[in-house]
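> prediction below, plus the sequence it came from.
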Amino acid sequence: MMEPTAYLLLSGILFGIGVVGVVARKNALIILMSVEIMLNGVNVAFIAVGSHLGDPTGSIFAFMVMTVAAAEAAVGLAILIAIFRLKETIDITELSVLKW
Amino acid sequence: MVGNILDFLWLVPGLPLLGVLLNGAIALFYERPLLLAEAAHGDHGHGDAHGGHDAPAPYRKLVSLIGPGVILGAFVVALLSVLALAGRPAHDRTFVQVLFPWIQSGSFSAPAALQLDPLSSVMILVVTGVGFLIHVYSVGYMSHEKAFARYFVYLNLFSFAMLVLVLGSNYLLMFIGWEGVGLCSYLLIGYWYEKKSASDAGKKAFIVNRIGDFGFILGTFLLFWTFGTVNYTEVFSKIPALSSSGVLTTGIATAITLLFFVGATGKSAQIPLYVWLPDAMEGPTPVSALIHAATMVTAGVYMVARSSALFLLAPVSMGVVATVGAATAIFSATIGITQNDIKRVLAYSTVSQLGYMFLACGVGAFTAGIFHLMTHAFFKALLFLGSGSVIHALSGEQDMRKMGSLRKHLPITFTTMFIATLAISGIPGLSGFFSKDEILWKAFSSEHGHIALWAVAALAAGITAFYMFRLVFMTFFGDSRMEPHVEKHVHESPYSMTVPLMLLAVLSVVGGWIGIPEVLKGHNFFEEWLAPVFAQGAAGAHGAAGAHGAAHHPVALELGLMAGSVAVALCGIGLAYYLYRVRTSKPKEIAKAVPGLYDVVYNKYYVDEIYDFLFVRRIVNVSVWLWHVFDVALIDGMVNGIAAAVQKAGDGVRRVQTGVVGNYAFSLLLGAVLIVGYVLTR
Amino acid sequence: MEPILFILFGAIAVGGAIMVVTRKHPMASALYLILTLFAVAAIFVLRQAHFLAAIQVIVYAGAVVVLFIFVIMLVNVPENKLPVERMTGMRLLGVVAAGLLILESAVLARRYAVPAGSSVDAGSVQAVGRALFTDYLLAFEITSVLLLAAVIGAIAMAKKKI
């Protein structure tokens, strides 16, 4: 098996792309999807190192991350629906009430 | 007594302090709400001198017991302590009682301790004894006042401060008492603070005093710098060593003593800082008697006497003290002959007599100075209290031009005041004669003395006799010049006021008999009592050369000078008799003949106006400038500026909270980048 | 063999991710997301983590993205009402910062060597299962509680009437 270095680099790239999505997009749905990408990047890192060390802990961690990601996606989308019902928009720049 | 009475020395200042606390509690928690409620209801319950009033409230009876009572207690303790001290051998009469360590810093220690020696013993007896009589007098005099308790709080506080001043064992404690009496002077002069002239007089007294205090404190600093200590016993015992080692030069001694004397001129109303004393007559008359005759103003004399060892090292300072004393004596005497307010005459008389005391100290006759301090306390307090009795009888009239023939109406007051007048004029046999004469003799004969000083002092004595008898003649003799409505209510004062007068009259007569000089076949007990205190200083100044003195002046010279001063006094009395009993129109003619001169003297040589122009106005202008530039522009600007800056900063910073989630994520990202970058570059 | 496959699937993953982030319509993004997830699953297989790969496809691509698509269709914002995305200063800065982050992670990856491990097969179902139900049993149970909470939360949020 390869050294995990390249995988870690891939993990970083995926994470970075996800971050760009969260920072730079206005559409709330796309932001949520970007979060999923970030989580995936993290999973790659976990699996890469875990398999390199021969430790199932890596896989377990990735498993947990996945579970939490699923839960978070569900709740996040529910909130989005609730907000959409109220404000008729999913543009986060218009959903800025908690400001100065 | 119980154990050793000297262990209870702390009661002497302690009892008046207790009086302050008790009377203060009554005044603050009982009287003050009462007066505020009365004022709110528009009740003008303050009767004038003869206002019909209901029976005094019970709290007043309590205050009248506590106020004088604590002073009486202090007097008893003081008397017993002095007797205990007298029981000791002459060289062992310095008793120090340490109350608590107070200041302890490295090698500098200034304990809060009381020192009882012959000098302070005289002072505490005068303060508590005369003070007690004045407290009793005040009960009657102030009985119609609304703020009765407040008066006694301040009076007790004053007694406490004065006793701390004279009993303190170091210059710092003296200074605390010094400031304390200054404060009480302000509080008591401005007792009727609703009256603008009274509150102004209080401020003037305090501020002028403060100028003197500055000199005092500088002197104390210099003293500490030179000696390393401020305790009396330590300072004076170090003088021989430091003089011979060259640390204590004449120059430094002169500087210290001159600075001290500046403080004395402020507190004891000498030229140039005497201007507050005549204005201080705005206060109640017993206050004038206690503070501005018998006790507070003598603090400067006490201070100079206490520092005699230092003064004797600085002939220049002695000269200054003597000259200023003599000059003040004659200067204020001349003002006294033209004044028409009975209390003003007495005020200028006090300034003049204080000049005598400083003259005495300046020529090295410290004992004579303290002697005159004591006798002056007796007859001047009597004169003031008597004048208070007159004013009380005349429903508040103080102008002598509106008095006359009161001899018939106020017999006791007249008799006692006449005795006091004889005393102050130096009539033989009375107390004032012995003390004043000793001063005149020493001014002439002492090695620090000078014939010019004697001449000025003798002339001033004559003027004193003149204006005092002028006062008596205008007030008690002749036809009545009273206003009709005043004349109807004229009455002698109650016993609470006349009994102190009588007691003081007795003291004015016999008080001098403890100091009869040898030439008159007497034994000067007073000088003997005080000798140990001043001997140390004299020894330090003269080394082992032995004291000089009147030993090589012929007895005839002394007797001759004595007779001369009596003659001068009789001339003064005679002149007063002529002008105010025989040819009563003459004074007005003289005034018209020399209008310019008369105006200048009548207006106190315009000293107040000169001070106002030279100093007061300048300082006020500087203050106003400082106010505009520093207080308003700079400090307010800074404080408000900081507030404004913070507000603007907040205004700017709050815009970070945009509410847009992406922006928050960005700041998180930024932080993460920076932290990871930092970790990488380590 | 492995490096080639890694580069292939890695490129697909990255490409898919970039497309997810840059599409205008969320539906397009969702579809590209599926692509990315599949690529990542392949990478898991490359590392012998078969169990996770399967879970990735089933849970992530199969459930989560489907949920996304449901919501996208439910929300149903018409094309012309979609938010207009402008490239502001902040966005650019964000991209730059992300790039920096990637760079830093690359440096990190190179600097810290991972110690060699055994060649035990740790990603198989047996290994993961054993670990899950012995060492990490508590975490497993708590995860179930978490999922319960998420379910209740999602229903509570999205209901029309409580």
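Great, that's in hand. If you're wondering where the values come from, they're calculated on a predicted model, not measured in any experiment.
> outline the domain layout of chain C.
Domains of chain C are assigned by automatic domain parsing as C:1-79, C:124-162.
> where is the longest helix in chain A?
helix A:56-87 (DSSP state H).
> ok so, going back, mean pLDDT for the domains of chain C - can I get that in a markdown table?
Formatted as a markdown table, the domains of chain C follow (pLDDT from 0 to 100):
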| stretch | mean pLDDT |
| --- | --- |
| domain C:1-79 | 92 |
| domain C:124-162 | 88 |
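> figure out which of those domains is closest to chain B.
Closest to chain B of the domains of chain C is domain C:1-79 (C-beta to the nearest C-beta; 12.6 Å). Heads up, the C-betas are built off the backbone N, CA and C, glycines and all.
> and the residue nearest the centre of chain C, what does it touch?
With distances taken as C-alpha atoms, centre = their mean, the residue of chain C nearest its centroid is residue C:37 (6.3 Å). Shown in contact with residue C:37 (C-beta atoms under 8 Å, 6 or more residues apart in numbering or on different chains): A:40, C:56, C:57, C:60, C:61, C:65.
> let's see it at 6 Å
For residue C:37, the contact set (C-beta atoms under 6 Å, 6 or more residues apart in numbering or on different chains) comprises C:60, C:61.
> give the helix, strand or coil label for it.
The three-state label given to residue C:37 by DSSP: H, G, I helix; E, B strand; the rest coil is helix.
> quick one: it and residue B:585, what's the gap?
Applying C-beta to C-beta, to the nearest Å, the value for residue C:37 to residue B:585 is 130 Å.
> who in chain B is up against chain C?
Taking C-beta under 6 Å from any C-beta of the partner chain, the part of chain B that reaches chain C is made up of B:666, B:669, B:670, B:673, B:676, B:680.
> repeat that for 10 Å
With C-beta under 10 Å from any C-beta of the partner chain as the criterion, chain B comes near chain C at residues B:658, B:660, B:662-663, B:665-667, B:669-677, B:679-681.
> helices or strands next to the helix or strand that contains residue B:256 in the packing?
Assigned by DSSP states H and E, residue B:256 belongs to helix B:250-267. Contact analysis of helix B:250-267 by 3 or more C-beta pairs under 10 Å, 6 or more residues apart in numbering or on different chains; DSSP states H and E lists helix B:171-189, helix B:196-227, helix B:232-245, helix B:299-306, helix B:308-311, helix B:315-336, helix B:342-362 as its packing neighbours.
> report the buried residues of it.
For helix B:250-267, burial by neighbour count (16 or more other C-beta atoms under 10 Å in any protein chain shown) applies to B:252-267.
> likewise for stretch B:497-515?
B:497-505, B:507-509, B:511-512, B:514-515.
> and residue A:37, what does it touch?
Contacts for residue A:37 (C-beta atoms under 10 Å, 6 or more residues apart in numbering or on different chains) come out as A:14-22, C:13, C:16-18, C:20-21, C:32-33, C:36-37, C:40.
> in helices, which of those appear?
Counting by DSSP H, the contacts of residue A:37 contribute A:14-22, C:13, C:16-18, C:20-21, C:32-33, C:36-37, C:40 to helices.
> so the longest strand along chain B versus helix B:171-189, what angle?
The longest strand of chain B (DSSP state E) is strand B:95-105. On the basis of axes from the mean of the first three to the mean of the last three C-alpha atoms, to 10 degrees, strand B:95-105 is oriented at 100 degrees to helix B:171-189.
> quick one: which of the buried residues of helix B:250-267 is nearest chain C?
Nearest member of these to chain C, counting by C-beta to the nearest C-beta, is residue B:259, at 72.0 Å.
> ok so residue B:297 is a helix residue?
Yes. The assignment for residue B:297 is a helix, going by three-state DSSP.
> so how far is residue B:354 from the residue nearest to it when sequence neighbours are not counted?
Excluding its sequence neighbours, the residue lying closest to residue B:297 (C-beta to C-beta, 6 or more residues apart in numbering or on different chains) is residue B:268, at 4.9 Å. Separation of residue B:268 from residue B:354 (C-beta to C-beta): 5 Å.
> returning to that earlier point: please identify the most buried of the domains of chain C.
Greatest average neighbour count among those goes to domain C:1-79 (a mean of 19), per mean count of other C-beta atoms under 10 Å in any protein chain shown.
> quick one: distance of that domain to the chain centre.
How far domain C:1-79 lies from its chain's middle: 7 Å, per C-alpha atoms, centre = their mean, to the nearest Å.
> not counting its neighbours along the chain, what's nearest residue C:27?
residue C:72 (5.6 Å).
> surely that neighbour is in contact with residue C:25?
Yes. With contact defined as C-beta atoms under 10 Å, residue C:72 counts as touching residue C:25 (8.7 Å).
> what touches both of the two?
Counting by C-beta under 10 Å, 6+ apart, the shared contacts of residue C:72 and residue C:25 are residue A:29.
> hang on, the earlier thing: check whether the longest helix of chain A comes near chain C.
Yes. Using C-beta under 10 Å from any C-beta, helix A:56-87 comes into contact with chain C via A:56-64, A:66-85.
> nearest residue to residue 18 in space, please, no chain neighbours.
Chain wasn't specified; assuming chain A. Nearest to residue A:18 is residue A:38, by C-beta to C-beta, 6+ apart, at 3.3 Å.
> wait, chain B
Per C-beta to C-beta, 6+ apart, closest to residue B:18 is residue B:70, 5.8 Å.
> right, I'll call it a day here.
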